[in-house]
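Enquirer: One predicted model, sequence on top.
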Amino acid sequence: MKIEKIINNNIVRSTNDHGQEVLVMGCGLGFKQKIGDLINAEKIEKIYTMNDRSAYQQLEDILKNVTLEDLQITNEIVAYAQKHLKTN
């Protein structure tokens, strides 16, 4: 995957193998990178996809102001809830 837009040091926008826009999260993914650079697959922690374009833009706007630590904690809470509540 290639970087299409740098949201912040830890989140970039790209396109997956199916041509769908995705937000890719990982420590330092966007740091000192340029549009068109390849994303270091070893740094990828999470990939977010959205079906609704307006919701995708809202998510991108929110993630501009959220720290990587906050996202990681949120992901852990969601994973814990999914496991214990046996639901998505």
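Expert: The structure has been received and is ready for your questions.

Enquirer: what about Q72, which helix or strand?
Expert: Assigned by DSSP states H and E, Q72 falls within helix 68-85.

Enquirer: Correct me if wrong: I39 contacts K5.
Expert: No: I39 is beyond contact range of K5, at 12.0 Å (criterion: CB atoms under 8 Å). (Each C-beta comes from the backbone N, C-alpha and C, glycine too.)

Enquirer: where do the contact lists of those two overlap?
Expert: Common contacts of I39 and K5, defined by CB atoms under 8 Å, 6 or more residues apart in numbering, comprise V12.

Enquirer: quick one on the thing from earlier: off-centre distance for the helix holding Q72?
Expert: Going by CA atoms, centre = their mean, to the nearest Å, the spacing between the C-alpha centre of helix 68-85 and its chain's C-alpha centre is 14 Å.

Enquirer: Same check on stretch 76-88?
Expert: 19 Å.

Enquirer: Same check on stretch 4-23?
Expert: Worked out by CA atoms, centre = their mean, stretch 4-23 lies 7 Å from the chain centre.
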